[in-house]
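J.: Here's my sequence, what's the structure:
(one chain, ligands or ions: 1)
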Amino acid sequence: MVSRHTIGQVAAPVLPIELDAITLRPFQSDDYDDFCAYRSLAEPARYVRWSPDDPAKVRRAAFTKRRRATRIAAPGDILAPAIADRATGRIVGELMLRWIDNEHRQGEVGFGLHPDFQGRGIARTAAVEMLRIGFDILGLHRIYGGCDPRNAPSAGLMRRLGMREEATLHEVEYLKGEWVDEQIFALLSTEWPSSPTR
Ligand SMILES: CC(C)(COP(=O)(O)OP(=O)(O)OC[C@H]1O[C@@H](n2cnc3c(N)ncnc32)[C@H](O)[C@@H]1OP(=O)(O)O)[C@@H](O)C(=O)NCCC(=O)NCCS
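T.: Residues are numbered from 1 along each chain as shown. Below you'll find the model as predicted:
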């Protein structure tokens, strides 16, 4: 359940958010070792910008950025909660909701899960909450997500969330020694109530 408080015209969501077997909560300083352990794995890094070979200062900067992204109350803000296992309190993944702008009410969603916790519907449960915050609390009109077209688990998750495939952008990034495409999925607020996730 999301608790919230009013900021301007919107009610900003407040972490933590308790869901079934997981908690969405701010990253804490003592999560750093688990964060680094996740970031040293090859599998989740395969189709994303970070790499298991990132130097310590890059990892530390990524962690600090997440530690600060605990509140989404204005355009430009990013909410980047940790996904924690409720039983242990340990982090098992991460989420991102970016409030891009107010005029067009656009947002972006992202997610990553430790391989040991994939294939259980955890990412879906967590991502639905990000969409709910974006549409129901922030009043966004469109939320999109992008992935490498080879990233079948990510594309599959976005399809299961009811997001439509909109486009493939060709060779938009040069990552890990190659040009990569980006497949764009999106959901409109008008589509959200009839989404299969609700
Ligand atoms: C993308 C990613 C988050 C998807 O995670 P996921 O665990 O596959 O996603 P879901 O939470 O939707 O789980 C779906 C799977 O759980 C299974 N499942 C089991 N119980 C379930 C339940 N109660 N509800 C829903 N699905 C359930 C589904 O059948 C499905 O399995 P399948 O893929 O074998 O068909 C994950 O692959 C990941 O972290 N990848 C690395 C990082 C990354 O690439 N991030 C995206 C960058 S664009």
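J.: Pull up the gap between whatever residue of the chain ends up closest to the ligand and Trp192, please.
T.: Closest approach between the chain and the ligand, counting by Cβ to the nearest ligand atom: Gly121, at 2.4 Å. All C-beta spots, glycine's among them, are computed from the backbone N, C-alpha and C. Using Cβ to Cβ, to the nearest Å, we find Gly121 at a distance of 19 Å from Trp192.
J.: Now do the helices in the protein.
T.: Shown for the chain, the helices assigned by DSSP state H span residues 32-39, 56-68, 122-132, 152-160.
J.: For the ligand, tell me whether the first one is touching it.
T.: No: for helix 32-39, no contact with the ligand is found by Cβ under 6 Å from any ligand atom; the gap never falls below 9.5 Å.
J.: That helix: how far from the chain's middle?
T.: When distances are taken as Cα atoms, centre = their mean, to the nearest Å, helix 32-39 is centred 17 Å away from the chain's centroid.
J.: so what secondary structure elements neighbour it?
T.: Packing contacts for helix 32-39, counted by 3 or more Cβ pairs under 8 Å, 6 or more residues apart in numbering; DSSP states H and E, involve helix 56-68, strand 91-101.
J.: what about Arg98, how many neighbours?
T.: 22 (other Cβ atoms under 10 Å).
J.: Skip the chain neighbours and tell me the closest residue to it.
T.: Glu108 (4.3 Å; Cβ to Cβ, 6 or more residues apart in numbering).
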